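S.K.: this one's structure only:
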């Protein structure tokens, strides 16, 4: 009985994942990402990877709002910060455990976004971008008006961690090793959060509701003429996007164990823009690929692999800009879109080929790659 | 009770009176043409009825209900669907998804019979206007004539009781015009109780379909009647051709 069940699961896995190249690639990437600790990264790299996971949740939520619904937001750090600060303040004043403050503060961000969306969504395009940016700036200055509550520049400190260190203190394990294991726990927690976030966002944007969101992006007027309550869908996208951004903020705060005004920084508002240009807008997975490329280039490649000497460390920025420029010129639609376009061509080629249904058969046929170029060449020969 | 009743509707843009004290009505199952030279206020009239503009004075009644101040999407869900003079497809979406957007509206989803799936219904809508081959093509790759038909399929997807077509023949070649004429007639036969209003410049195509014509000039209604009568009306000829020397 168990074997039939397993066999059925295996065959549906073949049909729904292996036979569809983009899903297969996504599956392989997720497996690879889940098995990063096998490669034994050092503590620093692992810490960077944890914050990359958190930022990936943040930028994916931005793509739902901007890439799919077309509501330009340059103040997404607002939700990141509100998420972080509300969980911090809930701990400071009520001493609630982490597992309660995080869901509560996600709810806080959600309701905050709904309230804010009413004034914000009255304006469009660049005006909306300016308005949201102003919101983020106002929020960060509000922190300095109530220094007793928010702690102003020093922020709220000594917050509880998601995984306290004492969980990892055991006999025969050095202190360094237990810190490493703690970071590893964080890594897996944020990674699973990221995968779940991506699945939810992908499901939402590729459902019937997602079609309506894109219609709002394309032509608001025509969407109204089709009987769609545009405002309702805009508020929905705003709130859903804020929810995940706020969740990312909570994770960040409980990872570094303090909340400071840096959460509202403009850097965080512009991060999604940069990585989305890199990865491809309106894809959900695009910004995630973008943020990984950005972080790996910025933190790991330049510091660990190239080892730029400290005297000219500022030159890093120049190299970084050059690399990003090259990537954008090479793939103007973003890395993510480039990959999926290639895979789509591959899929078409597989459908044309009669010899076998499986992707690798087409791919490995006589050691030749059947891509766009090969097919165009074949057509020209005829 | 008339399906749509308009009483003394007026709209001013600064000093210009785009629609000036216009009153008329449309009954169930009627096909009415609205004609007039450029700038006569036909499209403004459409925008007033469908809620995209707010009237300065006057009343729009649909099935006896005052809808003068209602929002565009509310009006669509009450049963008035419109198309646009300049095509407004959702360019990032495939042709079939354009129709699905309208099917997601409260009225569109209400009208899906239990036996039909959402997708089946969308395909049926495209079949009515003959666009099934282009189903999965992104709307940005589709030609102008097909987009005109797509506009109509999108409007029909909400199952309107009153269909308002804003220059459906604009920019179409004779073959496409002929096809569209036939599909408008078929739409009429499908649901004989549905009122249809057509704004048009191409009088030749229009006169074959409509039962009644309303003529606008500089925002005012100058004539109303059967197509044959209108074609002989002196004032209408003057408006279109200029005064005799």
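M.R.: Great, that's in hand. In this text the structure is predicted, and so the values were computed from the model without any measurement. Numbers count the residues shown, from 1 in each chain, chains lettered A, B, ... in the order given.

S.K.: residue in chain B nearest to chain A?
M.R.: Distances between chain B and chain A by Cβ to the nearest Cβ are smallest at residue B:105, namely 3.0 Å. To be clear about C-beta, it is placed using only N, CA and C from the backbone, and glycine gets the same treatment.

S.K.: now that residue: how far from residue B:155?
M.R.: Per Cβ to Cβ, to the nearest Å, residue B:105 is found 11 Å from residue B:155.

S.K.: shared neighbours, those two?
M.R.: Overlap of the contact sets of residue B:105 and residue B:155 (by Cβ atoms under 8 Å, 6 or more residues apart in numbering or on different chains) consists of residue A:226.

S.K.: which non-adjacent residue is nearest the residue of chain B closest to chain A?
M.R.: Among residues not flanking residue B:105 along the chain, residue A:227 sits closest, at 3.0 Å (Cβ to Cβ, 6 or more residues apart in numbering or on different chains).

S.K.: what separation do you get for that neighbour and residue B:54?
M.R.: For residue A:227, the distance to residue B:54 - Cβ to Cβ - is 19 Å.

S.K.: the more surrounded of those two?
M.R.: More crowded of residue A:227 and residue B:54, by other Cβ atoms under 10 Å in any protein chain shown: residue A:227, with 30 against 11.

S.K.: looking at the residue nearest to residue B:105 now. What's its pLDDT?
M.R.: Looking at residue A:227, its pLDDT stands at 92.

S.K.: now do the contacts for it.
M.R.: Neighbouring residues of residue A:227 by Cβ under 8 Å, 6+ apart: B:73, B:76, B:77, B:81, B:102, B:105, B:106, B:107, B:108, B:158.

S.K.: and it, which of the three is it?
M.R.: Assigned with DSSP: H, G, I helix; E, B strand; the rest coil, residue A:227 falls in the coil class.

S.K.: what about residue 16, how many neighbours?
M.R.: Picking chain A for this. By other Cβ under 10 Å, the residues close to residue A:16 number 10.

S.K.: actually, chain B is the one I wanted.
M.R.: Residues lying near residue B:16 (other Cβ under 10 Å) number 13.

S.K.: what pLDDT does the model give it?
M.R.: At residue B:16, the model reports a pLDDT of 89.

S.K.: skipping its backbone neighbours, what lies nearest residue 156 in space?
M.R.: Assuming you mean chain A. Leaving out its chain neighbours, the residue that sits closest to residue A:156 by Cβ to Cβ, 6+ apart is residue A:88, at 4.0 Å.

S.K.: that's the other chain; I wanted chain B
M.R.: Leaving aside its sequence neighbours, residue B:156 sits nearest to residue B:125 (Cβ to Cβ, 6+ apart; 6.0 Å).

S.K.: so what's residue 61 closest to, chain neighbours aside?
M.R.: Chain wasn't specified; assuming chain A. Using Cβ to Cβ, 6+ apart, the closest residue to residue A:61 is residue A:244 (3.6 Å).

S.K.: that's the other chain; I wanted chain B
M.R.: Nearest non-adjacent residue to residue B:61, counting by Cβ to Cβ, 6+ apart: residue B:5, 4.3 Å away.

S.K.: in contact with the residue of chain B closest to chain A, which residues?
M.R.: By Cβ under 8 Å, 6+ apart, the residues touching residue B:105 are A:226, A:227, A:228, B:73, B:76, B:77, B:158.

S.K.: let's see it at 7 Å
M.R.: Going by Cβ atoms under 7 Å, 6 or more residues apart in numbering or on different chains, residue B:105 touches A:226, A:227, A:228, B:76, B:77, B:158.

S.K.: who's in contact with the first one?
M.R.: By Cβ under 7 Å, 6+ apart, the residues touching residue A:226 are B:76, B:101, B:102, B:105, B:154, B:158.

S.K.: what's the separation between the residue lying closest to it once chain neighbours are set aside and residue B:171?
M.R.: In space, residue A:226 comes closest to residue B:102 once its chain neighbours are excluded; the distance is 4.0 Å by Cβ to Cβ, 6+ apart. Counting by Cβ to Cβ, the separation of residue B:102 from residue B:171 is 23 Å.

S.K.: in terms of neighbours, single out the busier of the two.
M.R.: residue B:102 (29 against 14).

S.K.: can you tell me how far the more buried one sits from residue B:67?
M.R.: Distance from residue B:102 to residue B:67, counting by Cβ to Cβ: 19 Å.

S.K.: list the residues that contact the closest residue to residue A:67 other than its chain neighbours.
M.R.: Nearest residue to residue A:67, sequence neighbours excluded (Cβ to Cβ, 6+ apart): residue A:282, at 3.6 Å. For residue A:282, the contacting residues are A:63, A:67, A:68, by Cβ under 7 Å, 6+ apart.

S.K.: narrow these to those in helices?
M.R.: Counting by DSSP state H, the contacts of residue A:282 place residue A:63 in helices.

S.K.: as CSV, the contacts of residue A:282 with distance to residue A:129 would be great.
M.R.: Output for the contacts of residue A:282, formatted as CSV (distance: Cβ to Cβ, whole Å):
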residue, distance to residue A:129
A:63, 15
A:67, 14
A:68, 16
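
S.K.: helices of the stretch 101-250 of chain A, start to end?
M.R.: Assigned by DSSP state H, counting those that start in this stretch, the stretch 101-250 of chain A shows helices spanning A:125-145, A:147-150, A:175-205, A:208-218, A:220-225, A:230-256.

S.K.: and the angle for the first one with helix A:230-256?
M.R.: Relative orientation of helix A:125-145 with respect to helix A:230-256: 40 degrees, computed using axes from the mean of the first three to the mean of the last three Cα atoms, to 10 degrees.

S.K.: quick check: mean pLDDT of helix A:125-145?
M.R.: Averaged across helix A:125-145, pLDDT comes to 91.

S.K.: near chain B, which residues of the stretch 101-250 of chain A?
M.R.: A:208, A:211-212, A:214-215, A:217-219, A:221-230 (Cβ under 7 Å from any Cβ of the partner chain).

S.K.: try it again with 8 Å
M.R.: With Cβ under 8 Å from any Cβ of the partner chain as the criterion, the stretch 101-250 of chain A meets chain B at residues A:208-209, A:211-212, A:214-215, A:217-219, A:221-230.

S.K.: may I see the ChimeraX selection of the buried members of those?
M.R.: Entered in ChimeraX, the line below selects the buried ones among these, by 16 or more other Cβ atoms under 10 Å in any protein chain shown:
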select /A:209,211,212,214,215,217,218,219,222,223,224,225,226,227,228,229,230
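
S.K.: picking that back up, the contacts of residue A:227 in helices, which ones?
M.R.: Using DSSP H, these in helices are B:73, B:76, B:77, B:102, B:106, B:107, B:108.
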